[in-house]
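Engineer: Below: sequence and its predicted model.
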Amino acid sequence: MSFEHVAKGHPLLVAEPDGNYRSATAIEVLRVAEEVLLGRVRTGPMLTSAREVKKYLQVRMGALPHEEFHVLYLDSRHRLLHVEALFRGTLAQTSVYPREVVTQALKHEAAAVIFAHNHPSGSAVPSRADHVLTQTLKTALELVDIRVLDHVVVTVGECVSMAEEGWV
């Protein structure tokens, strides 16, 4: 069923334990979409599709009303180990602590990481502070031999990969 069908009054349905059906909520639809996209990100021997990662991140965090900083932890062959929202902020900013990022990356035995955070403002253009943070985290993680592969800025309508732009 396409999105157009849902928008025209043909809702997606959820089976209840009693056998009845009800219309799915927007949150339920997004959670299922996130799981489908996460499955695509996890398939294959390595995490190599920036396009799939961006689609996944857009569903996961693009519509959040506040900023969040997420980390994708990868093994030495760039296979996904774990994803987590590490920090939550306000409408316009999130405080990110390098010590916590390093601690969590070591906890998950990551060889590499991808960072992502959302801009509820709707502009996916990385700020000067985003560039500085990326370099600070990259320097901290290099001390423990963990590579930073990318930092993606996410909005509802687009994602900007700092690696694709040559900034990582």
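Structural biologist: Cool, got the structure. Residues are numbered from 1 along each chain as shown.
Engineer: mind checking pLDDT for the nearest residue to Pro11 once chain neighbours are set aside?
Structural biologist: Distance criterion CB to CB, 6 or more residues apart in numbering; nearest residue to Pro11, sequence neighbours excluded, is Ser23 at 3.9 Å. Placement of C-beta: from N, CA and C, glycine included. What the model reports for Ser23 is a pLDDT of 84.
Engineer: wait, doesn't His131 sit right on Trp167?
Structural biologist: Yes. With contact defined as CB atoms under 8 Å, His131 counts as touching Trp167 (6.3 Å).
Engineer: and the residue nearest to Leu143 when sequence neighbours are not counted, what does it touch?
Structural biologist: Excluding the flanking residues, the one nearest Leu143 by CB to CB, 6+ apart is Val102, at 7.8 Å. Applying CB atoms under 8 Å, 6 or more residues apart in numbering, we find Val102 in contact with 140-141, 143-144, 146.
Engineer: Ok, Leu137 next?
Structural biologist: 96, 98, 101, 115, 148.
Engineer: Which helix or which strand is home to it?
Structural biologist: helix 128-142 (DSSP states H and E).
Engineer: Give the rounded mean pLDDT of that helix.
Structural biologist: Rounded mean pLDDT across helix 128-142 is 96.
Engineer: helix or strand right after that helix?
Structural biologist: Next in line after helix 128-142, if elements are assigned by DSSP H and E, sits strand 147-154.
Engineer: Who are the packing partners of that next one?
Structural biologist: Here strand 147-154 touches helix 50-61, strand 112-118, helix 128-142, strand 159-161, going by 3 or more CB pairs under 8 Å, 6 or more residues apart in numbering; DSSP states H and E.
Engineer: Report the buried residues of stretch 110-123.
Structural biologist: 110-120 (16 or more other CB atoms under 10 Å).
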